[in-house]
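Asks: I'd like to go over a predicted model; first the sequence, then the structure.
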Amino acid sequence: MVRGKLYVLSGPSGVGKSTAVHEVMRRHPTLRFSVSVTTREMRPGEVEGESYYFISRQRFQELLDNDALLEHAEYVGNCYGTPEEPIDRMLEQGIDVLLDIEPCGALQVQKRRPDATLIFMAAPSFSEIERRLRGRGDTPPDKIEARLERARWEYQQAEKYDYIVVNDDVDHAAAEIEAIMLAEKCRACLRLHYLKEAK
Ligand code: ADP
Ligand code: 5GP
């Protein structure tokens, strides 16, 4: 069986990652989303075990001590991490997995899993990020400032990614992510077995 593929999506808070991920998952029901652990508070509308596993700092530390996280990072005062075991289980079953994580974590994945594909999501303009973040209405003003400051640093990391998707329109952004996934499936190294007969 062909092993599943790991895709990592990053981009500033408010750029539209979750919205685009939902659309891509709707179009590709076999793709699975990696549910992270976080120490941050649950937002209205979020679902335990679907959006995140909401855990204490002590539990987070235990996961780190047990080497249970593929990557982890601190983001605006909270800890986030990707449980490794469920990902390996899905990849071994040939299932493609999508991670929505910030750049420190994405670059850890790039080191530990060089076959992962890293996609950075940008907005059509930087001011649009602030507009979307405020428009979402679930982040207090002081936290918005902290997230925007972080966003400037995140933009500087984009050149380390394999692809940049611009979320001007959700359907268009989802189509760009789909196109990347299709191109990755057509890589020569994954297709050479079709050519074996000619040898
Ligand atoms: P992230 O997951 O990156 O923090 P969200 O997916 O929560 O961002 O999106 C932030 C806000 O921007 C939401 O209110 C969402 O509806 C809106 N949004 C997402 N994509 C677009 C887009 N292409 N155009 C306009 N608004 C968008
Ligand atoms: P939010 O609090 O808005 O859900 O997420 C804040 C940031 O944390 C986003 O950039 C999101 O991609 C990132 N994030 C979510 N889960 C993880 C994770 O497991 N690891 C890392 N490194 N970042 C994560």
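Replies: That came through fine. Numbering: from 1, shown residues only. Ligands and ions are numbered 1, 2, ... in the order given.

Asks: give me every residue that touches the residue in the chain that ligand 1 sits nearest to.
Replies: Per CB to the nearest ligand atom, the residue of the chain with the smallest distance to ligand 1 is Gly16, at 2.9 Å. (C-beta placed from N, C-alpha, C; glycine too.) Applying CB atoms under 8 Å, 6 or more residues apart in numbering to Gly16 gives the contacts 121, 123, 132, 167, 170, 173.

Asks: how about a markdown table for the residues you listed, with distance to Glu71, secondary structure and neighbour count added?
Replies: A markdown table is the format used below for the contacts of Gly16 (distance: CB to CB, whole Å; DSSP: H, G, I helix; E, B strand; the rest coil; neighbours: other CB atoms under 10 Å):
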| residue | distance to Glu71 | secondary structure | neighbour count |
| --- | --- | --- | --- |
| Met121 | 18 | strand | 25 |
| Ala123 | 24 | coil | 22 |
| Arg132 | 26 | helix | 17 |
| Asn167 | 23 | coil | 23 |
| Val170 | 27 | helix | 14 |
| Ala173 | 24 | helix | 25 |
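
Asks: Contact residues of this structure facing ligand 2?
Replies: Within the chain, the positions near ligand 2 by CB under 6 Å from any ligand atom are 13, 36, 40, 71, 73, 75, 80-82, 100-102, 104-105.

Asks: So among the residues you listed, which ones count as buried?
Replies: Buried members of the residues of the chain next to ligand 2, counted by 16 or more other CB atoms under 10 Å: 13, 36, 71, 73, 75, 80-82, 100-102, 104-105.

Asks: okay, the residue of the chain closest to ligand 1: pLDDT?
Replies: Gly16 is assigned 98 on the pLDDT scale.

Asks: pLDDT weak spots in this structure?
Replies: Applying pLDDT under 70 to the chain picks out no residues at all.
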